[in-house]
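1. turn this into a structure:
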Amino acid sequence: MTGINYTYDRVTDSLRAGIVRLSFIKVKDGEVRNMRATLSEKYIPDAQKPTSDVKKNEETVRVYDLDVEGWRSFRINSLQTFEPII
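-> Residues are numbered from 1 along each chain as shown. As a prediction, this is how the structure comes out:
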């Protein structure tokens with residue numbers, strides 16, 4: 001998916017299904033950030049799996065970044081590219 005027609009449900013459904021390559025503009029400094037991300041438990045190490053539910057915020061998505069092996073978040077409206085790869 002490219003363009004600006006991303007919805008919270010569409011993004012999180014794809015992330016729960018597997019791995020997504022995405023890019024977004026960082027709020028902090030305006031740089032473009034690229035990552036391979038997921039919300040699928042089979043790709044998240046046991047030590048990194050959430051221990052509690054995170055409050056749903058449909059403007060921001062919290063994801064596990066496979067490249068840095070940690071949790072990151074981005075705003076839906078800052079997405080530049082979104083490509084499911086697995």
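2. the spatially most central residue of the chain: what secondary structure?
-> Relative to the mean C-alpha position of the chain, the nearest C-alpha, by Cα atoms, centre = their mean, is the one of V63, at 4.1 Å. Using DSSP: H, G, I helix; E, B strand; the rest coil, the structure places V63 in strand.
3. excluding chain neighbours, what is closest to it?
-> On the basis of Cβ to Cβ, 6 or more residues apart in numbering, the spatially nearest residue to V63 that is not a chain neighbour turns out to be A37, at 3.9 Å. C-beta: built from backbone N, CA, C; applies to glycine.
4. do you know the pLDDT at that neighbour?
-> pLDDT for A37: 98.
5. is it true that it touches G18?
-> No. The pair A37 and G18 does not pass the contact test of Cβ atoms under 8 Å, sitting 10.2 Å apart.
6. returning to that earlier point: the residue nearest to the centre of the chain and I19 touch, don't they?
-> No. Between V63 and I19 there is no contact, the gap being 10.2 Å when judged by Cβ under 8 Å.
7. one step back: next, the contact list for the residue nearest to the centre of the chain, please.
-> Listed by Cβ atoms under 8 Å, 6 or more residues apart in numbering, the contact set of V63 reads 15, 35, 37-39, 71-74.
8. who wins on neighbours among the residues you listed?
-> Neighbours were tallied for each of these (criterion: other Cβ atoms under 10 Å), and the maximum of 25 neighbours falls on A37.
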